[in-house]
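Visitor: 3D, please:
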Amino acid sequence: METAVTTKKEAILHYRDPVEALQMMLENPLVQDHIGFHPFQVFKTAAQQVREYTCWLSGQAAWDMQVRP
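Guide: As a prediction, the model looks like this:
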């Protein structure tokens, strides 16, 4: 790969199709049980008064997007 500036070593660009990469990860039996796509709520107390936000799926926006029967 040619660069705009001079480099000491040749620049190598590794490309991977993102759809194929995701498909490979989702089909991997070592990680498929550890990947979740459903929203969840984590509470700090048993009374469920204080929520803990650990990632986007634990937030209210993801919870509100779900289609409920």
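Visitor: tell me the gap between the helix ranked longest in the chain and the middle of its chain.
Guide: The single longest helix within the chain, with elements called by DSSP state H, is helix 18-27. Chain-centre distance of helix 18-27: 12 Å, with C-alpha atoms, centre = their mean, to the nearest Å.
Visitor: got the contact list for it?
Guide: Identification of contacts with helix 18-27 by C-beta atoms under 8 Å, 6 or more residues apart in numbering yields 31-32, 35. C-beta coordinates here come from the backbone N, C-alpha and C atoms, glycine included.
Visitor: equivalent analysis for stretch 61-68, please.
Guide: 38-39, 41, 56.
Visitor: most surrounded residue in these?
Guide: When these are compared by neighbour count (other C-beta atoms under 10 Å), P39 ends up highest, at 16 neighbours.
Visitor: which non-adjacent residue is nearest that one?
Guide: A62 (4.0 Å; C-beta to C-beta, 6 or more residues apart in numbering).
Visitor: separation between that neighbour and W56?
Guide: 6 Å (C-beta to C-beta, to the nearest Å).
Visitor: show me the strands in this structure, by range?
Guide: Using DSSP state E, the strands of the chain run over 42-43, 51-52.
Visitor: can I get these in JSON lines with mean neighbour count?
Guide: Converted to JSON lines, the strands of the chain look like this (neighbours: other C-beta atoms under 10 Å):
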{"stretch": "strand 42-43", "mean neighbour count": "11"}
{"stretch": "strand 51-52", "mean neighbour count": "12"}
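Visitor: thank you, goodbye.
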